[in-house]
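Novice: Give me coordinates for this.
(4 chains)
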Protein chains: 2
Amino acid sequence: MKTTADISIEKAAPILKLLGDKTRLTMVALLHEGECCVCEFTEIFNMSQPSISQHLRKLRDAGVVHEERRGQWVFYSLNTSNELYPLVEQVVKQLPSQKSKLDDLEKNGSRVVWCEPKRK
Amino acid sequence: MKTTADISIEKAAPILKLLGDKTRLTMVALLHEGECCVCEFTEIFNMSQPSISQHLRKLRDAGVVHEERRGQWVFYSLNTSNELYPLVEQVVKQLPSQKSKLDDLEKNGSRVVWCEPKRK
DNA sequence: TTATAATATAAGCAAATAATTATATGTCAA
DNA sequence: TTGACATATAATTATTTGCTTATATTATAA
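Specialist: Numbering: from 1, shown residues only, chains lettered A, B, ... in the order given. Below you'll find the predicted structure:
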């Protein structure tokens, strides 16, 4: 049973290399729960903000994630319309849920939830 | 529907990093068709024999492949009993079949088929 | 405006990676 | 034994990677 179209090895390898970093793999697993903004990642990872940004940029350049600015925050989400998304999803599905990390943020009061623009 | 046990991010990331190299990813895809020996890989890849050996060693050290010497050849196969095999398999399943590469070897007469020990 | 918060980019550096060539090991057959 | 073949290991090197600090950008709020 084949559920998705084949992805060429040339295209798959760079994606797997990106996912082969613990930080980025965790990011993708977190994003599988829903969108996150950069400051949430900087809370979760014990790492400088530029480092977070650079990881996200790599994921974005590869088309794995999608970036959307809302006010002063930039929210990231999995780019489900990317040709390579099935590969990403199959990988993430094998990983434990990262929901607890987001719940912890919520308890901290560090979760950023976008409700609606305050004006305009 | 979850078909396999979760694999920790700490364990998954190094495996994905290994699969993130085009040569190794192709090797694993080839092995998904059946066992191969080193000389077959050196035929298929435009690369030195030590380079092939080093890639295989990394895959072996990570438990992705299994090594078995028979006579002067060393045959490699996917280590299906490894805890991380489900991850490897899900990835390989998304890739195009590499059977044609093995068929080409066969036409070349470079396919090594182990039938039985000639003596003992 | 000006200050501040969120994020991105640039520059620099140490560590990891993947290739090469040279050499060693192991098996078999004459 | 010896030679040939298959494979592994060692040493070297160029490139890539992931982090850091410093600085730039962008948006909001005072």
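
Novice: Can you point out the buried residues in the lengthiest helix in chain A?
Specialist: If you go by DSSP state H, chain A has its longest helix at helix A:49-61. Within helix A:49-61, the residues scored as buried using 16 or more other CB atoms under 10 Å in any protein chain shown are A:Ile52, A:His55, A:Leu56, A:Lys58, A:Leu59. (C-beta placed from N, C-alpha, C; glycine too.)

Novice: which other helices and strands contact that helix?
Specialist: Packing partners of helix A:49-61 (3 or more CB pairs under 8 Å, 6 or more residues apart in numbering or on different chains; DSSP states H and E): helix A:22-31, helix A:38-44, strand A:65-70, strand A:73-78.

Novice: again, 6 Å this time
Specialist: If contacts are counted by 3 or more CB pairs under 6 Å, 6 or more residues apart in numbering or on different chains; DSSP states H and E, helix A:49-61 sits against helix A:38-44.

Novice: So which elements touch the least confident helix or strand in chain A by mean pLDDT?
Specialist: In chain A, the helix or strand scored least confidently by mean pLDDT, DSSP states H and E is helix A:99-108, which has a mean of 92. Counting contacts by 3+ CB pairs under 6 Å, 6+ apart, helix A:99-108 packs against helix A:38-44.

Novice: Would you mind naming what in chain A lies close to chain B?
Specialist: By CB under 6 Å from any CB of the partner chain, the residues of chain A that approach chain B are A:6-7, A:9, A:13, A:16-17, A:19-20, A:22, A:25-26, A:87, A:90, A:94-96.

Novice: try 7 Å
Specialist: Contact residues (CB under 7 Å from any CB of the partner chain) of chain A with chain B: A:4, A:6-10, A:12-13, A:16-17, A:19-22, A:25-26, A:29, A:86-87, A:90-91, A:94-96.

Novice: So what touches the least confident helix or strand of chain A?
Specialist: The contact list for helix A:99-108, computed with CB atoms under 7 Å, 6 or more residues apart in numbering or on different chains, reads A:Leu30, A:Glu33, A:Glu40, A:Glu43, A:Ile44, A:Arg111.

Novice: one more time with 8 Å, if that's ok
Specialist: A:Leu30, A:Glu33, A:Gly34, A:Cys36, A:Glu40, A:Glu43, A:Ile44, A:Arg111 (CB atoms under 8 Å, 6 or more residues apart in numbering or on different chains).

Novice: Tell me if the third one really is in a strand.
Specialist: Think A:Gly34. No - according to DSSP: H, G, I helix; E, B strand; the rest coil, the state of A:Gly34 is coil, so it is not within a strand.
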